[in-house]
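*Asks:* sequence first, then the predicted structure, then my questions.
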Amino acid sequence: MAISMYQASAPQFKKMLGNLANLLNKGQEFAASKNLNEQVLVDGRLFADMLPLSKQVQIACDQVKGGMARLAGIEPPKFEDNETTFDQLKVRVAKTIEFLDSIKPEQIDGTEAKEIKFSIKEWHFEFVGQQYLLTWTIPNFYFHVTTAYDILRHNGVEIGKADFLGS
């Protein structure tokens, strides 16, 4: 039996967003335990020319809400991209999960050949649904969740593979 577009995406996005929220909790707890201003972690980067933790979380959430909305043919919720604290980032993750929970399987299943066209700045993209999900949305989502994990770990937060993968 083949896996559906919905089953290939929504359950795993939800699980990993929950894991991301847990990583943010651990980052917040680490900052408190070390008497460290949490802004150091929220603004943390792996390298000077890379985006900070806050932006990694924002983009990971955007991949889910934008990706699922494009496939479903609906407007994604608008988030302001103004989160500057762990609590605000966790709210963004929770709102993304809430939006994801509002998407029904029948809105995603059957979109394998749907034309998906969008632009980011000067770049224009054209996909069909399955290609969009498997080669754009899912990889980008994991890239940004992984980078968020890496920023926290690089800054000393005691997290590991089990925290990334969850239970």
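*Replies:* That came through fine.
*Asks:* any buried residues in the helix or strand of the chain with the lowest mean pLDDT, and which?
*Replies:* Scoring the helices and strands of the chain by mean pLDDT, DSSP states H and E places strand 115-120 at the bottom, with a mean of 94. The neighbour-count check on strand 115-120 (16 or more other Cβ atoms under 10 Å) flags I116 as buried. Heads up, the C-betas are built off the backbone N, CA and C, glycines and all.
*Asks:* ok, now stretch 159-167?
*Replies:* 159, 163-164.
*Asks:* quick one: contacts for the most centrally placed residue in the chain?
*Replies:* For the chain, the residue nearest the mean C-alpha position is A60 (2.2 Å; Cα atoms, centre = their mean). Counting by Cβ atoms under 8 Å, 6 or more residues apart in numbering, A60 makes contact with 17, 20, 141, 144-145, 148.
*Asks:* okay, and A2 sits in which element?
*Replies:* Assigned by DSSP states H and E, A2 falls within no helix or strand.
*Asks:* nope, H124 is what I meant
*Replies:* strand 123-128.
*Asks:* buried residues in the very next helix or strand once past that strand?
*Replies:* Remark: after strand 123-128, the chain's next helix or strand is helix 129-132, criterion DSSP H and E. Buried positions in helix 129-132, judged by neighbour count with 16+ other Cβ under 10 Å: 129-130, 132.
*Asks:* stretch 143-163 too?
*Replies:* 144-145, 147-153, 155, 157, 159, 163.
*Asks:* ditto for stretch 119-128
*Replies:* F127.
*Asks:* got it, and stretch 95-107?
*Replies:* Buried-residue list, stretch 95-107, by 16+ other Cβ under 10 Å: 96-97, 99-100, 103, 107.
*Asks:* what of stretch 61-71?
*Replies:* Buried residues in stretch 61-71 (16+ other Cβ under 10 Å): 61-71.
*Asks:* list the ones among the residues you listed that fall in helices.
*Replies:* Members of the buried residues of stretch 61-71 lying in helices (criterion: DSSP state H): 61-71.
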